[in-house]
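Visitor: Can you look at this prediction? I've put the sequence above it.
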Amino acid sequence: MSKIHETALVDPAAEIADGVEIGAFSIVGPKVTIGQGSWIGPHVVVTGRTTIGENTRIFQFASIGEEPQDKKYDGEDTELIIGDNNTIRELCTFSRGTIQGGGKTIIGNNNWIMACVHIAHDCVLGDNIIMANNASLAGHVTVGDWAILSGYSLIHQFCNVGEHSFTSFASHVNQSIPPFVTVSGEKAKAKGINTEGLRRRGYTSEQIQQVRRAYKLLYRSGLPLEEAKEQLHEMAEGHDEIKPWVEFLETTVKSFIR
């Protein structure tokens, strides 16, 4: 049975699963669905067509599912979809999608999202991502599994942040980031691969060495991009850990940090 504080305003049309807790003075709109075991703290606003999965925790003063900050938005019934087992800390702001961007903002599972993070319209996040305090995503950004965005990192619209990548504190990113790559700087530049992150996730020394070889090929060989891509394709045939590089180069639309 759900536990809703007497001062919370929960629309009768909202779908609230068993075991959900909603704190004091929180507001939940009519098109909201909240999965089993999730916890909504005090003074949280959840609005719009927003779906929250199971066992997700949202802390005080977060704004979840509000209209996108896009002047093209004209009241369309767009969505925000949040998966399971996410932690969303204080003062976060997550926007719904826009029709022009596919209509959905999507956040996966097991993500750790710290205070004051902004996720704009039409962003798509994978699983096991960490976003530290005040990191922000502009519209239409994609973030791959296990990426880490350090505090005050800013990601420009339409960028693709590759899986297992890492942004240092206050990185300003206006190009896509390939998988495994660490970037830093006011105009973010590549600094190497996320070696420590890969070790923590069980990559072997041999696998890390292959990732490092791919990095050197792309960043230090001096080869033209098309030739480097051809060689990465060849490397990927016997090494699955290289395949994310190939997929990234085939699918990213925006120019990438190189």
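Guide: Ah, there it is.
Visitor: list the contacts for residue 56?
Guide: Counting by CB atoms under 8 Å, 6 or more residues apart in numbering, residue 56 touches 35, 38-39, 82-88. No exception for glycine: its C-beta is placed from N, CA and C like everyone else's.
Visitor: swap the cut-off to 7 Å and go again
Guide: 38, 82, 84-86 (CB atoms under 7 Å, 6 or more residues apart in numbering).
Visitor: From residue 220, how far out is residue 49?
Guide: 47 Å (CB to CB, to the nearest Å).
Visitor: Who has more neighbours out of the two?
Guide: Neighbour count, other CB atoms under 10 Å: between residue 49 and residue 220, residue 49 has more, with 20 against 8.
Visitor: The more buried one reaches residue 76, doesn't it?
Guide: No: look at residue 49 against residue 76 with CB atoms under 7 Å: they stay out of range, at 10.0 Å.
Visitor: can you list residues touching both of the two?
Guide: Common neighbours of residue 49 and residue 76 are not found (criterion: CB under 7 Å, 6+ apart).
Visitor: now the helices for this protein?
Guide: 195-200, 205-219, 225-236, 243-251 (DSSP state H).
Visitor: got the domain boundaries for the protein?
Guide: Domain assignment of the chain by automatic domain parsing yields the ranges 3-140, 198-251.
Visitor: same question for the last one, mean pLDDT?
Guide: Think domain 198-251. Mean pLDDT, computed over domain 198-251, is 94.
Visitor: returning to that earlier point: okay, the helices of the chain in a markdown table with distance to residue 133 and mean neighbour count next?
Guide: What follows is the helices of the chain, written out as a markdown table (distance: least, CB to CB, whole Å; neighbours: other CB atoms under 10 Å):
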| stretch | distance to residue 133 | mean neighbour count |
| --- | --- | --- |
| helix 195-200 | 19 | 14 |
| helix 205-219 | 28 | 17 |
| helix 225-236 | 35 | 14 |
| helix 243-251 | 27 | 17 |
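Visitor: among these, which is nearest residue 145?
Guide: For the helices of the chain, proximity to residue 145 was assessed by CB to CB; helix 243-251 is nearest, at 9.6 Å.
Visitor: how far off helix 225-236 does the closest one point, in degrees?
Guide: Taking axes from the mean of the first three to the mean of the last three CA atoms, to 10 degrees, one finds helix 243-251 and helix 225-236 inclined to each other by 150 degrees.
Visitor: how much distance is there from helix 243-251 to the middle of the chain?
Guide: On the basis of CA atoms, centre = their mean, to the nearest Å, helix 243-251 sits 18 Å off its chain's mean C-alpha point.
Visitor: Same question for stretch 62-82.
Guide: Between the centre of stretch 62-82 and the centre of its chain there are 16 Å (CA atoms, centre = their mean).
Visitor: So what's the residue count around residue 94?
Guide: When neighbours are counted by other CB under 10 Å, residue 94 comes out with 27.
Visitor: residues contacting residue 27?
Guide: Per CB under 7 Å, 6+ apart, neighbours of residue 27: 9, 45.
Visitor: Quick check: bridge partners of the residue nearest the centre of the chain?
Guide: For the chain, the residue nearest the mean C-alpha position is residue 125 (3.3 Å; CA atoms, centre = their mean). Bridge pairing for residue 125 (DSSP bridges) gives the partners residue 107, residue 143.
Visitor: Could you pull up the residues touching it?
Guide: Applying CB under 7 Å, 6+ apart to residue 125 gives the contacts 106-108, 111, 143.
Visitor: same thing with residue 163?
Guide: 126, 144-147, 179, 244.
Visitor: quick one: which of those is nearest residue 215?
Guide: When these are compared for distance to residue 215 (CB to CB), residue 179 wins out at 10.0 Å.
Visitor: was I right about that closest one contacting residue 248?
Guide: Yes: using CB under 7 Å, residue 179 is in contact with residue 248, at 5.5 Å.
Visitor: Common neighbours of these two, please.
Guide: residue 162.
Visitor: circling back to that earlier point, now the residue nearest to the centre of the chain: how far from residue 220?
Guide: Per CB to CB, residue 125 is found 30 Å from residue 220.
Visitor: so which of the helices of the chain gets nearest residue 173?
Guide: For the helices of the chain, distance to residue 173 was read as CB to CB. The smallest value, 14.7 Å, belongs to helix 243-251.
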